[in-house]
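[1] Structure for the following, please:
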Amino acid sequence: MIQSLLERKIEKQPAKIKFDGRILLLAEDADLVKRQFAGENIAWNPTIKLRDNISTDEITPAYICYYYDETLGDFPYLGLKCGDEFPVKRNSVKNGGFIASVAGKRRGKGSSREASPYAEMCAGIRVIIAENNERIYQQNAQNLGLFVTTNFDVIEKIKRGEEIELAEFTRGQDDITRQIVEHGGLFNFNLARLQGKVSIPAITTPARPMTLAEKILARHMVVDLSRDQVGVAAVKPDDAGFVRTDLRFSHEYVTPMAAIFFEQLVGADEPVNDPASILFFRDHLTFLDQVMPAERVKDGLLKLAYDLRDKQAAFARAKGIRLHGELSERPGSEGICHSVMLEKYVMPGGVVVGSDSHTPHSGALGAFAFGIGTTDVFNAWITKDVRVRVPESVKVVVRGKKPANITAKDIILEILRQPYVKNGDAVGKVIEYTGEAVMALSIDERATMTNMAAEIGGFTGIVATANADGTPDARAIEFLVSRRGMTRADAERACAGWVSDMDAQYAKVIEVDASKLRPMIALPGDPGNGIFVDELKSDVKIGIAYGGSCTAGKNEDMDMYAAVFAHALKQGKKIAEGVNCFIQFGSQETRAYAHRQGYIEIFEQVGAHIIEPSCGACINAGPGASKSESDVTISSQNRNFPGRSGPGQVYLASPYTVAASAIAGKIVEAEI
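    Presented below is the predicted three-dimensional model:
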């Protein structure tokens with residue numbers, strides 16, 4: 001494979017580029033957006049309120065991602081909500097002749113789906129302009145060859161037909177990103193890298209106190225790809241390079257597009273690099289046939305979803321890659337990728353990359369785990385490494401002893417509403433959770449917090465597996481012994497030392513007093529809309545209660561649902577009339593645990609619908625998703641962006657609160 005790539009010709013971008021096309025302002029005013037699609041060119045001025053927090057769910061709603069080719073160009077911004085309207089229709093962007101797209105803060109937040117910038121590119125967009133961009137989204141765009149800038153002066157230059165210096169799109173970027181932009185994308189850059197035509201600046205940072213994340217990155221930093229040299233003495237924020245991965249995984253939403261890129265650009269018969277460290281999952285669309293509207297089935301979208309499954313399975317067979325797939329004896333999957341990765345594969349101090357923004361889930365066991373896009377996935381099959389610009393770390397110290405009815409979900413909802421996080425200052429940074437309240441949590445509960453580093457906008461989330469003095473953490477040892485079957489001695493060796501140095505430097509320290517927390521919910525629209533449940537000004541009646549997802553489908557989550565439901569049964573209560581309650585396991589291991597504990601019988605007796613492992617409702621692809629705008633859901637999942645789980649209103653809460661609300665028929669605290 002490498003020999004064939006060594007012979008490829010590489011062309012770089014010109015030093016100056018002229019863009020011929022219109023400017024699309026993604027504004028809060030739906031009428032302004034529609035006027036642009038009708039042919040009017042709106043002159044930019046700072047008084048126009050641009051849409052902030054445009055998620056990838058809005059750029060390409062989940063069902064659009066069943067497409068994985070140029071057809072995606074028909075659909076960018078189809079889920080964009082402006083006020084109470086959705087002004088973008090199929091082909092609006094492509095037919096409008098737009099070359100640049102302009103938005104506000106935190107553009108591209110949410111899922112790591114590269115389908116979003118790829119859809120923009122296929123619709124004709126070449127320039128992405130925003131006040132700031134989420135890390136994965138921006139990296140995906142640059143990997144594809146899109147130009148990204150936060151300089152709004154570019155708008156007038158494009159409008160006047162001026163040539164723009166390529167340096168405009170590399171200013172402020174690390175040297176590797178600059179070269180990727182200059183080569184027109186990641187694949188061309190990696191070709192040049194394999195051919196020795198680019199230089200990766202050596203990391204010469206001297207020994208220094210390091211955070212846990214920095215320690216892991218230093219150990220995995222690639223020194224020389226051709227000579228297989230890995231590891232440097234130390235790193236500091238903004239050092240840039242490529243890190244050797246221990247594990248690479250993807251699911252059926254992403255694998256097919258990456259496979260197409262691989263077959264087209266590398267060769268259908270070429271092998272991948274170290275297939276034993278690559279994992280595939282069929283976990284996102286397992287129950288789609290049960291919930292897809294009839295009109296979408298008629299339009300062929302269900303067939304497209306099955307094509308994703310089949311393409312992934314065929315590529316796995318051809319390349320010798322382990323696929324955690326569907327069950328043969330009943331509907332469902334072996335497990336959600338994040339759940340299975342933590343249960344079976346991830347080790348402290350490892351580097352894990354996955355095709356999903358919630359890959360930081362595995363940081364609960366002291367791994368540096370982060371989401372990457374399709375092009376990164378496909379390139380990692382070749383090089384086994386991914387580019388990283390060492391991020392700053394934010395230390396979140398959760399002190400005190402939490403009340404019995406407070407969970408990791410309540411803690412993370414409190415963190416999400418902190419001004420530093422709400423303002424977007426934590427975007428792209430490592431979120432390191434520590435403090436006595438965090439270290440008292442189980443690995444399952446820690447995973448809730450590292451998982452939702454994605455909602456913070458963080459690069460990843462991580463929890464140490466060692467105490468301040470380097471001795472192994474008891475909770476981490478317990479997990480490896482009980483869940484992995486490791487000997488205690490092996491578990492201790494694996495966990496020891498993986499902790500930040502005492503005098504490591506942080507961009508910010510956020511402190512939370514767990515003892516003062518009360519049960520929380522996030523109001524519909526964003527996980528950062530957190531309030532205490534007792535601050536609700538009136539009763540919020542619900543029609544759906546969903547307990548599950550990677551965030552809340554773990555063993556300890558099942559303990560919580562079961563505790564509330566068992567208490568209700570003793571009082572002669574069941575799920576409230578008019579409420580559909582769903583409990584979904586994150587993995588078959590958790591299902592087996594629930595069976596051993598007698599929880600399945602409790603769930604059945606109380607009137608809950610039990611669902612096999614899969615992503616499902618969280619991405620509007622399984623039972624528990626809303627069907628109309630009037631539906632009100634309380635959910636233990638991680639996101640409640642508009643349209644993500646159907647057209648209804650979604651409140652986020654802990655497993656305790658979800659279960660208690662299902663019994664009451666309205667949002668209430670649990671009596672624990």
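[2] For Asp246, see how far away Phe287 is.
    To Asp246, Phe287 is 31 Å away according to Cβ to Cβ, to the nearest Å. C-beta here means a position set from N, CA and C on the backbone, and glycine is covered the same way.
[3] In terms of packing, which of those two has more residues around it?
    Higher neighbour count among Phe287 and Asp246: Phe287, with 23 against 20, using other Cβ atoms under 10 Å.
[4] For the more buried one, give me its contacts.
    Pro331, Gly332, Ile611, Ser614, Gly616, Ala621, Gly622, Pro623 (Cβ atoms under 8 Å, 6 or more residues apart in numbering).
[5] okay if I get those as TSV plus secondary structure?
    Below are the contacts of Phe287 laid out as TSV (DSSP: H, G, I helix; E, B strand; the rest coil):
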residue	secondary structure
Pro331	coil
Gly332	coil
Ile611	strand
Ser614	coil
Gly616	helix
Ala621	coil
Gly622	coil
Pro623	coil
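[6] hmm, which of those are the buried ones?
    Neighbour counting with 16 or more other Cβ atoms under 10 Å marks Gly332, Ile611, Ser614, Gly616, Ala621, Gly622, Pro623 as buried within the contacts of Phe287.
[7] How about the contacts made by the fifth one?
    The one in question is Ala621. Neighbouring residues of Ala621 by Cβ under 8 Å, 6+ apart: Ala62, Tyr63, His284, Leu285, Phe287, Leu288, Val291, Met292, Cys615.
[8] Then the last one?
    Applying Cβ under 8 Å, 6+ apart, we find Pro623 in contact with Phe287, Gln290, Val291, Phe582, Gln584, His609, Ile611, Gly616, Ala617.
[9] got it, and the third one?
    The neighbourhood of Ser614, defined by Cβ under 8 Å, 6+ apart, consists of Asp283, His284, Thr286, Phe287, Gly332, Ser333, Ile336, Gln584, Gly622.
[10] If we use 10 Å, what do you get?
    282-288, 326, 331-336, 548-549, 553, 584-586, 621-623 (Cβ atoms under 10 Å, 6 or more residues apart in numbering).
[11] Give me the number of neighbouring residues for Asp228.
    10.
[12] Let me fix that, I meant to ask about Ser199.
    The burial count for Ser199: 11, using other Cβ under 10 Å.
[13] And it, how far from Arg178?
    Taking Cβ to Cβ as the criterion, Ser199 is separated from Arg178 by 12 Å.
[14] same thing with Pro46?
    Distance from Pro46 to Arg178, by Cβ to Cβ: 29 Å.
[15] So which of the two has more stuff around it?
    Per other Cβ under 10 Å, whichever of Pro46 and Arg178 has more neighbours is Arg178, with 18 against 7.
[16] so which strand or helix has that one?
    helix 175-182 (DSSP states H and E).
[17] Show me what the next helix or strand after that helix is packed against.
    Toward the C-terminus, helix 175-182 is succeeded by helix 186-194 as the next helix or strand (DSSP H and E). Here helix 186-194 touches helix 2-6, helix 135-144, helix 175-182, helix 255-265, helix 374-383, strand 385-389, going by 3 or more Cβ pairs under 10 Å, 6 or more residues apart in numbering; DSSP states H and E.
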